[in-house]
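Asker: model the structure of this input:
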Amino acid sequence: MSANETTVVHLMRHGEVHNPEGVLYGRLPDFHLSELGRQMAERVADHLADHDITYVVASPLERAQETAAPIGGVHGLDVAVDPRLIEAENVFEGKTFGVGDGSLRNPAYWRYLTNPFRPSWGEPYIEQAVRMMGALAAARDAARGHEAVCVSHQLPIWTARSFAERRRLWHDPRKRQCSLASLTSFTYEGDKLVSIGYREPARDLLPAHLVGKGRRGDAPVAKSFGA
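Answerer: This next block holds a predicted model:
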C-alpha cells in the first residue's frame, strides 16, 4: 500500500432517539432510535451504498449501534465497537435541562455551571478531542485506501472537528453544525489530514425546527488544509 493513499473516515451522528420525557440521556442505557431515527439510518446507508466502505464502527450506546447496523448490512460488514466514540459524560444525565426546569432551579447543581470553558458540568473538551482523534486514527488505519464510518454523538463529533480545524473547543451549543444522521468526513493522504467535509444525507427527514440549524447553515461544507 502506498504511504500517500487516500482514506476517508466519516464521523456520523446517530439518528433521532425515542425520548418522550425529553431528558438528557447522555451515556444512559436503553435509549433507542425512534421510527424516524431508523429511517434516517437507512437513508444514510443508501447514500453510502456505492462508497468504498470497508470498516464500520460505533459508540457502544444502543442508538449508535442501531444507526450503524444498516450501513454495515449494505456492505456486508460487522459493526465494531470503540468506546472512544461514546457520548460526552454529563452530570445532568437523566434530567431535563432548560431555563426554569427543576434541574437548573436546584441550587445543588449550580456548582457545575461555573466554568463553560472546561466545561465544569461534564467531560473536559480536550479529553473528548483526544479520544475522538484516537478513534479517527484507528478507523483510518483499519480502512487504509478505502472509507470508514464511525457512528458517534453530536458533542464529541463537533469537538473533534473543532480540534482538527484548530478552533477553540468551547462554543455555543446552538451553533454546532452536526445535525441528526449527518456526516462529518475526514480525508487523509497517508496519515495526514487534508480536508474535512460535512453533509446531511437525511436532511429532508429532519424535524422542521432542526433544518438549517448550525454554525454555517445546512449546505455542504469542505475545508482543506495547506501543505
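Asker: ok, E42 to H14 distance?
Answerer: 13 Å (Cβ to Cβ, to the nearest Å). C-beta coordinates here come from the backbone N, C-alpha and C atoms, glycine included.
Asker: show me which of the two is the more surrounded one.
Answerer: Shown here are E42 and H14; by other Cβ atoms under 10 Å, H14 has more neighbours (27 against 20).
Asker: so that one touches V151, yeah?
Answerer: Yes. Shown here, H14 and V151 form a contact pair, counting by Cβ atoms under 8 Å, at 5.9 Å.
Asker: can you list residues touching both of these two?
Answerer: S59, A64, T67 (Cβ atoms under 8 Å, 6 or more residues apart in numbering).
Asker: what about the closest residue to E62 other than its chain neighbours, neighbour count?
Answerer: Take E62 and drop its neighbours on the chain: the residue closest to it by Cβ to Cβ, 6 or more residues apart in numbering is H32, 5.2 Å away. For H32, the neighbour count with other Cβ under 10 Å is 15.
Asker: for H32, give its distance to R144.
Answerer: For H32, the distance to R144 equals 33 Å [Cβ to Cβ].
Asker: with G94 instead?
Answerer: 40 Å.
Asker: which of these two has more residues huddled nearby?
Answerer: Between G94 and R144, R144 has the larger neighbour count (other Cβ under 10 Å), namely 18 against 13.
Asker: the more buried one is in contact with T7, isn't it?
Answerer: Yes. Between R144 and T7 there is a contact under Cβ under 8 Å: 5.7 Å.
Asker: quick one: distance of the top helix by length along the chain to the chain centre.
Answerer: For the chain, the longest helix by residue count, based on DSSP state H, is helix 125-142. On the basis of Cα atoms, centre = their mean, to the nearest Å, helix 125-142 sits 12 Å off its chain's mean C-alpha point.
Asker: buried stuff in it?
Answerer: 125, 128-129, 131-133, 135-140, 142 (16 or more other Cβ atoms under 10 Å).
Asker: under the pLDDT cut-off, which ranges of this protein? List them.
Answerer: Counting by pLDDT under 70, the chain has low-confidence residues at 1-3, 97-112, 209-222, 226-227.
Asker: how far does stretch 56-75 sit from the chain's center?
Answerer: Taking the mean of its C-alpha atoms, stretch 56-75 sits 12 Å from the chain's own mean (Cα atoms, centre = their mean).
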